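[1] Give the three-dimensional model of this entry:
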Amino acid sequence: MFEHLHVLHLRKDSRQPDQAQLLNQQLPQDFFFIETCQRYLWLAHKRSALSVTLKNQTEFSDIFEGIDAYEFLLSVGCGLESQVIGETEIFGQIKTAWKSFSQNGHRETYAFLSPIFQKYFEDIKEIRSRYLRSTGYASYGSLLRKSLTDQKAKGSILVVGAGELAESVLPWLSKFQVTLTNRTKEKADALALSLKQKGCETEVQAFQQSWDRFDHIILLIPAQESLKIKLESWMEQKNTQKILCDLAEPSWIEQNEVPGISITRLQNFYEQKKIIDAKTALEVEKARKACHEKAVIREMQNVITLTHGWEDLWSAV
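    Next up is the predicted model:
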């Protein structure tokens with residue numbers, strides 16, 4: 001089982017935002033594809049058409065096989081490969097991708113990966129609960145709330161985007177006056193309803209409406225030329241001190257300073273987290289070691305299961 005696992009990894013490049021989509025159009029479709037804020041992952045059986053096709057390809061940042069692949073996936077799922085070490089959003093993104101794949105993905109690949117992912121989710125929950133529960137502000141939502149609080153943000157906030165990042169960030173902003181907008185309004189409405197059921201009230205604005213009335217804006221989707229006009233119009237409004245949180249990659253704006261606007265980027269969160277990480281480095285190192293140990297244990301369990309299986313088969317002859 002684990003020895004046949006093949007993982008292809010590609011780090012996101014803001015200069016080539018469509019690189020994974022272009023690759024997916026060229027590849028055999030017998031794989032499980034995961035896209036997160038910072039990376040793309042392709043998972044497949046090592047004898048799959050995908051793995052054979054890409055055996056000599058160099059587009060990928062890393063290619064892992066067997067138990068090394070499983071250890072890398074554990075490290076990714078625990079947030080240990082993220083810029084914000086220990087962040088929790090990545091685990092939710094992987095679970096969402098797996099749920100979708102279980103319903104619509106390649107059947108043979110799903111059958112192969114299913115027992116692996118059953119162990120995978122168990123192992124991540126155990127490692128996180130033992131070593132990563134007190135890693136400080138370990139999520140984009142908590143860092144964003146801290147940033148807004150430190151800047152004494154008052155007034156209305158527009159959150160642009162209703163994807164997985166928005167779903168994980170918005171519960172942290174319950175004390176603020178938040179409005180959500182998204183190109184697909186049904187998706188924004190569904191997210192707002194889900195948040196309401198959790199006690200977090202969020203209004204929804206139609207995507208075509210102006211952004212000018214808002215005091216602050218949080219961008220959670222990649223920059224789009226058609227939307228930059230709205231952002232530029234908002235930036236030109238001279239009212240209160242504005243806050244612009246640009247958490248998208250690629251970024252929406254190139255300039256580091258704009259008069260009357262306080263700009264926060266993902267890089268700012270990364271730098272804040274580095275300070276926190278210095279205080280929690282020991283726990284993080286224990287978590288990394290646990291990922292390796294869990295991978296080794298799973299490999300040993302797999303060997304024992306196979307050995308017993310052959311013995312049982314032989315005794316029946």
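[2] make it CA atoms for all contacts and neighbour counts henceforth
    Fine.
[3] For this protein, which segments count as helices?
    For the chain, the helices identified by DSSP state H occupy 19-26, 49-53, 66-77, 89-104, 107-131, 140-150, 164-169, 185-197, 225-236, 266-279, 281-315, in order along the chain.
[4] quick one: which of those helices is nearest His4?
    Among the helices of the chain, helix 66-77 comes nearest to His4, with 5.5 Å by Cα to Cα.
[5] Show me what that closest one is packed up against.
    Of the remaining helices and strands, those touching helix 66-77 by 3 or more Cα pairs under 8 Å, 6 or more residues apart in numbering; DSSP states H and E are strand 5-11, helix 89-104, helix 107-131, helix 281-315.
[6] Now do the first one: everything it contacts.
    I take that to be strand 5-11. Among residues not part of strand 5-11, those counted as contacts by Cα atoms under 8 Å, 6 or more residues apart in numbering are 38-46, 51, 59-67, 69-70.
[7] Run the angle between that strand and helix 107-131 for me.
    When axes from the mean of the first three to the mean of the last three Cα atoms, to 10 degrees is applied, the directions of strand 5-11 and helix 107-131 differ by 70 degrees.
[8] Pairing partners for strand 5-11, with directions?
    strand 39-45 (antiparallel), strand 62-65 (antiparallel) (DSSP bridges).
[9] deepest of these, which one?
    strand 39-45 (a mean of 22; mean count of other Cα atoms under 10 Å).
[10] to the chain's geometric centre, what's the distance from that one?
    14 Å (Cα atoms, centre = their mean, to the nearest Å).
[11] how many degrees apart are that strand and helix 66-77 in direction?
    Taking the same axes, to 10 degrees, one finds strand 39-45 and helix 66-77 inclined to each other by 150 degrees.
[12] any idea of the mean pLDDT in strand 39-45?
    For strand 39-45, mean pLDDT is 88.
[13] just to revisit the earlier point, nearest to Lys242, of the helices of the chain?
    Judged by Cα to Cα, the one of the helices of the chain that comes nearest to Lys242 is helix 225-236, at 8.3 Å.
[14] which residues sit against that closest one?
    By Cα under 8 Å, 6+ apart, the surrounding residues in contact with helix 225-236 are Ser210, Trp211, Asp212, Arg213, Phe214, Trp252, Ile261.
[15] Roughly how far does the fourth one sit from Leu158?
    The spacing between Arg213 and Leu158, counted by Cα to Cα, to the nearest Å, is 9 Å.
[16] More neighbours: the two, which one.
    Leu158 (23 against 12; other Cα atoms under 10 Å).
[17] so that one touches Val178, yeah?
    Yes: counting by Cα atoms under 8 Å, Leu158 touches Val178, with 5.9 Å between them.
[18] ok, and the most crowded of the contacts of helix 225-236?
    Per-residue neighbour counts (other Cα under 10 Å) across those peak at Trp211, which has 21 neighbours.
[19] Just the pLDDT for it.
    Trp211 is assigned a pLDDT of 90 by the prediction.
[20] Can you get me a residue count around the residue nearest to Tyr70 when sequence neighbours are not counted?
    If you skip the residues right next to it in sequence, Tyr70 has Ala295 as its closest partner in space, 6.3 Å away by Cα to Cα, 6 or more residues apart in numbering. If you count neighbours by other Cα under 10 Å, Ala295 ends up with 24.
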